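J.: sequence and predicted structure below; questions after.
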Amino acid sequence: AGSDVKAAHLGELRAAVNGVRAQAGEGAASFTDTSAAGVRVKAVHIEELRTYINAARTILGLTNATYTNSSLEGFNVKAVHFQEVRTRLH
């Protein structure tokens, strides 16, 4: 909250999402900008995280949650968007 979203955060969430996908028997996800290093975090990155975590949650029999902005098209990525994905990992 209040701090800037960084590429390192994107990398951490991608690794966590792939961990949940592995628990669901799914392979690693294919992400846009495969290396997060030096990448400006974009709405497409959050959309991918949401899609992949929701798919894994469905396989595991968990419900999918709603998000602050159901579509991030035209939105600047905010810390709340990252925090919501983090919350869905548990």
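T.: Good, I have the coordinates.

J.: separation between S70 and A22?
T.: Applying CB to CB, to the nearest Å, the value for S70 to A22 is 27 Å. Where C-beta positions appear, they are placed from N, C-alpha and C, glycine not excepted.

J.: which one of those two is surrounded by more residues?
T.: Neighbour totals were compared for S70 and A22, and A22 leads with 12 against 8 (other CB atoms under 10 Å).

J.: pLDDT at the closest residue in space to the more buried one that isn't next to it in sequence, what is it?
T.: Beyond its immediate neighbours in the sequence, the residue positioned closest to A22 (CB to CB, 6 or more residues apart in numbering) is A28, lying 7.8 Å away. At A28, the predicted lDDT confidence score is 93.

J.: got a list of what A28 touches?
T.: Applying CB atoms under 8 Å, 6 or more residues apart in numbering to A28 gives the contacts N18, R21, A22.

J.: wait, what's in contact with the first one?
T.: N18 makes contact with A28, A29 under the criterion CB under 8 Å, 6+ apart.

J.: separation between the residue nearest to A22 and A56?
T.: As judged by CB to CB, A28 and A56 stand 11 Å apart.

J.: find residues that contact each of the two.
T.: Common neighbours of A28 and A56 (criterion: CB under 8 Å, 6+ apart): R21.

J.: appreciated, that's everything.
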